[in-house]
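**Q** structure of the sequence below:
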Amino acid sequence: MNFYKILFQASKKTTPLHKQLSLNDTALVGKNGYSFGIQYSPESYNTWLMDEKIFEIFVHSSVKQLIMTNYKFLNLINRQNEFNLNLVDCKLGNNIDIDSFLQGEKIDPETLNIIIDNHGFQILQVYFRSKDKHMITLKSNGVLGVDSELSEGEINDIKKLIDFLGFGPAVIV
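**A** Predicted coordinates for the structure are as follows:
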């Protein structure tokens, strides 16, 4: 599995960051060019951000790091079909086991919405399967995990997903 930290540029007045830093080999760029995921490991990412040049470009280009909220997670889950994804599991805060609320049923968006609304749990991570059954995960810190054997069509779906995560439903192509 490959992991990517999702970033997006709030201002489209500057050159996309992935072009400024020549990240094309290590980035998964969304369709619009202003949202992207850079390969991620906590140590290398923190070191990378401490570089003065990188920091200056982040500030000048209005680069934001994705942080997922319950609202964003639920919005994504409700629109999962647009990205050819199928929700298979969900990790909740305080080590709450989602299965104890499902009573043997399969997890679905409506049930998850009800559980979150009724109990106020925080969603920490969601797990999806792609149309070809590859694993896709998304954590609350904005790290996207992608199976390394995705087809070209699935990669295009992930690029649309990255745009959606950065800019919301208005950018879905």
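**Q** can you report phi and psi for Phe101?
**A** phi -100, psi -20 (degrees, to the nearest 10).
**Q** quick one: pLDDT of the nearest residue to it once chain neighbours are set aside?
**A** Once flanking residues are discounted, Phe101 sits nearest to Ile115: 5.0 Å by Cβ to Cβ, 6 or more residues apart in numbering. Where you see a C-beta, it was placed from the backbone N, CA and C, and this is true even at glycine. pLDDT, Ile115: 89.
**Q** tally of neighbours for Ile115?
**A** Here the number of neighbours of Ile115 (other Cβ atoms under 10 Å) works out to 20.
**Q** may I ask you to confirm that it is in contact with Ile98?
**A** Yes. Contact between Ile115 and Ile98 holds when scored by Cβ atoms under 8 Å: they sit 7.2 Å apart.
**Q** so how far is the host helix or strand of Ile54 off the chain centroid?
**A** Remark: Ile54 resides in helix 52-60, with elements defined by DSSP states H and E. Using Cα atoms, centre = their mean, to the nearest Å, the distance from the centre of helix 52-60 to the centre of the chain it belongs to is 23 Å.
**Q** is it true that Thr111 touches Glu105?
**A** Yes. Counting by Cβ under 8 Å, Thr111 sits close enough to Glu105 to count as a contact (6.8 Å).
**Q** hang on, Gln65 packs against Gln9?
**A** No. Between Gln65 and Gln9 no contact is recorded; they are 11.3 Å apart, counting by Cβ under 8 Å.
**Q** between those two, which one's more packed in?
**A** Under the neighbour definition other Cβ under 10 Å, Gln65 and Gln9 were set side by side, and Gln9 has more, 24 against 14.
**Q** nearest residue to that one in space, please, no chain neighbours.
**A** Distances taken as Cβ to Cβ, 6+ apart place Tyr34 nearest to Gln9, at 4.4 Å, with adjacent residues excluded.
**Q** pLDDT wise, what is the one you found at?
**A** The model reports Tyr34 with a pLDDT of 87.
**Q** and the residue nearest to Phe101, backbone torsions?
**A** Comment: the main-chain dihedrals of Ile115 come out as phi -60, psi -50, following degrees, to the nearest 10.
**Q** tell me the contacts of it?
**A** By Cβ atoms under 8 Å, 6 or more residues apart in numbering, the contact list for Ile115 reads Ile98, Phe101, Phe121.
**Q** quick one: the strands in the chain?
**A** If DSSP state E is used as the criterion, the strands of the chain fall at 2-9, 27-29, 35-39, 63-65, 85-92, 123-130, 135-139, 143-146.
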